[in-house]
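Participant: for reference, the sequence and a predicted model appear below.
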Amino acid sequence: MRAVISVIGKDRPGILAFAANECARRSINIEDVTQKVLEDMFTMIMIVTVPDDPEEYHAFVTELEAAGEEQALKIHVMHEDIFNAMHRI
Amino acid sequence: MRSDYILETVRMIEEECLDIRTITMGISLLDCCDSDIDRSCEKIYSKITRCAKDLVKTAQDISKEYGIPIINERISVTPISLLVSVSGGDPVKYAKTLDRAAKDVGVNFIGGYSALVQKGMTEGDRALIESIPEALACTDIVCSSVNIGSTKAGINMDAVRLMGQIVRKSAELTKDNNCFGASKLVVFCNAVEDNPFMAGAFHGISEPDVCVHVGVSGPGVVREAVKEAGPDKTMDEIAEVIKKTAFKITRMGQLVGTLAAERLGVPFGIVDLSLAPTPAVGDSVARILEEIGLESTGGPGTTACLAMLNDAVKKGGVMASSSVGGLSGAFIPVSEDAGMIEAAEQGTLSIEKLEAMTAVCSVGLDMIIIPGDTTAETISAIIADEAAIGMINNKTTACRLIPAIGKQEGETLNFGGLLGYGPVMPVRKVKPDTMVNRGGRIPSPIHSLKN
């Protein structure tokens, strides 16, 4: 299944690398990345393929969000279906 | 997928308190009826723990997997008065069984300690109603409701008189615990059978054996959308903004409800697209009204804003879900809404204004704390007024009044958690006793004769 990872934080070098590394560590494939810096806020959205196994997926989400917190980044992982449901008729 | 949509959704959840307020499993207990009350209770316990054993885990899994907060898991059951009618015995046994079963499956409320008496009372109904104060005092998470009127049947004034006493007694028996009993008791007119929200949820007899309903929330999201639209927009443009926001919120509810039903292997019931506030900052319906342009909720203009809000929420939601039900609209519980609490404390929001607001919102006088010396007759009369609004306007109205035993106007009562806190609001002291004691029925209105 596909999930959307959003990363928001104060801009500094290495944020993209950090998020990409976290994904690579767990063999999670990144399909698409968009990023923007508004004033000094860094915003990035990644579309990734995540494990179908719920246990494995939950572990990934929990670890990634916690790792983000350590780096003072707000990371949120959500299932792709939510956006399709909310924003498409 | 557009990144602004993604960020909008993330912002709604992270900053604006968007959540699935409740996943409620409706369970029919009709097949648990037995002429022996103890056997009846045994069957109830085993049916609830069997049907709902995976409810909490499924909700939490969906919450994690989809990244959407799901706040509560709850259960609603067949009105227990029906079972009391068959089994006889002390109805409190049923309340204790429900409490135990609900705790064992890990839900945080169970509703359905209820009776529907809009036209008349059976022995079972009366026994149940009379047991409500004790049942609410000796259980923790059982919720009770009584329907005393409907557009079709009129208002049962005997039941109204009785409910004034029951509300008072429920508060008295729990006076050492913030009169908590009365906060778990709702008196309805035109109660709906598929409402997932507590304390008024029960599983109607026309519902399937087991099903799952979802209640979404999101006052914070609507407020933010109105704020973003700015002060220059006309009222119809604001209504359009609210409609679009309600659409998005409801779609999320529909998605979660469908998933939950599929995983639990039961039919999906309805999405209740109510704006349900909590005392948390930014999760307030009053603040939406203020964002539309009122200095304080309760002042002139409040009813008009609320009417527009309630209607726009329904219109947006109806398109988003194939099965909208429950109460669907805006809730205005005083103690659960930071903006309402503030308005009540300042004195800009009165019970009379709240009554007017209930003519255009989705429910009624909700979580209103009244002085401890308010008589049962006065409570009955307030219930009758509220039921009359529902009966004439073909809508659900309800009363959840909490007499603060031993407290006076100006003091506060604090329930904690989602139920919040609030000031004791003044009630007029002129006596309605003769009217209340007449009893009988208020006949159904002429427009109920539609056939």
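Facilitator: Nice, I can see it.

Participant: can you give me the strands for the stretch 201-350 of chain B?
Facilitator: B:210-216, B:268-272 (DSSP state E, counting those that start in this stretch).

Participant: could those strands be laid out in TSV, adding distance to chain A?
Facilitator: All C-beta atoms are positioned from the backbone trio N, CA, C, and that covers glycine. Listed next are the strands of the stretch 201-350 of chain B as TSV, based on distance: least, CB to the nearest CB, whole Å:
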stretch	distance to chain A
strand B:210-216	11
strand B:268-272	12
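
Participant: including mean neighbour count and mean pLDDT, could these go into a markdown table?
Facilitator: Converted to a markdown table, those look like this (neighbours: other CB atoms under 10 Å in any protein chain shown; pLDDT from 0 to 100):
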| stretch | mean neighbour count | mean pLDDT |
| --- | --- | --- |
| strand B:210-216 | 27 | 94 |
| strand B:268-272 | 27 | 93 |
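
Participant: for residue B:392, which of these is the nearest?
Facilitator: Closest to residue B:392 of the strands of the stretch 201-350 of chain B, according to CB to CB: strand B:268-272, at 23.7 Å.

Participant: picking up where we left off before, got the strands of the stretch 201-350 of chain B as a markdown table, with distance to residue B:419 columns?
Facilitator: Below are the strands of the stretch 201-350 of chain B laid out as a markdown table (distance: least, CB to CB, whole Å):
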| stretch | distance to residue B:419 |
| --- | --- |
| strand B:210-216 | 16 |
| strand B:268-272 | 19 |
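
Participant: quick check, the residue in the stretch 301-450 of chain B closest to chain A?
Facilitator: In the stretch 301-450 of chain B, the residue that lies nearest chain A is residue B:319 (8.2 Å; CB to the nearest CB).

Participant: my read is that that residue contacts residue B:247, right?
Facilitator: Yes. Counting by CB atoms under 8 Å, residue B:319 touches residue B:247, with 6.0 Å between them.

Participant: who in chain A is up against chain B?
Facilitator: Proximity of chain A to chain B (CB under 8 Å from any CB of the partner chain) is limited to residues A:4, A:6, A:8, A:34, A:36, A:43, A:45, A:47, A:54, A:57-58, A:61, A:74, A:76-87.

Participant: quick one: which of those residues sit in strands?
Facilitator: Assigned to strands by DSSP state E, the following of the residues of chain A next to chain B qualify: A:4, A:6, A:8, A:34, A:36, A:43, A:45, A:47, A:74, A:76-79.

Participant: buried subset of the residues you listed as a PyMOL selection?
Facilitator: Buried members of those, defined by 16 or more other CB atoms under 10 Å in any protein chain shown, are picked up in PyMOL with:
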select buried, chain A and resi 4+6+8+43+45+47+76+77+78+79
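
Participant: looking at the chain, which helix is longest?
Facilitator: Going with chain A. What stands out as the longest helix in chain A, according to DSSP state H, is helix A:54-70.

Participant: actually, chain B is the one I wanted.
Facilitator: Per DSSP H, chain B has its longest helix at helix B:235-264.

Participant: now the angle between strand B:210-216 and it, please.
Facilitator: 150 degrees (axes from the mean of the first three to the mean of the last three CA atoms, to 10 degrees).

Participant: ok, now which ones touch residue A:26?
Facilitator: By CB atoms under 8 Å, 6 or more residues apart in numbering or on different chains, the residues touching residue A:26 are residue A:60.

Participant: tell me how far it lies from residue A:19.
Facilitator: 12 Å (CB to CB, to the nearest Å).

Participant: just residue B:342 next, same as before
Facilitator: Counting by CB to CB, the gap from residue B:342 to residue A:19 is 41 Å.

Participant: of those two, who's got more company?
Facilitator: Higher neighbour count among residue B:342 and residue A:19: residue A:19, with 24 against 19, using other CB atoms under 10 Å in any protein chain shown.

Participant: thought the more buried one was touching residue A:5?
Facilitator: Yes. Using CB under 8 Å, residue A:19 is in contact with residue A:5, at 6.9 Å.

Participant: shared neighbours of these two, which are they?
Facilitator: Looking at what touches both residue A:19 and residue A:5 (by CB under 8 Å, 6+ apart), the common residues are A:46, A:75.

Participant: spit out the contact partners of the residue of chain A found nearest chain B.
Facilitator: Per CB to the nearest CB, residue A:78 is where chain A lies closest to chain B, at 3.4 Å. Contacts for residue A:78 (CB under 8 Å, 6+ apart) come out as A:3, A:4, A:6, B:9, B:10, B:66, B:67, B:68.
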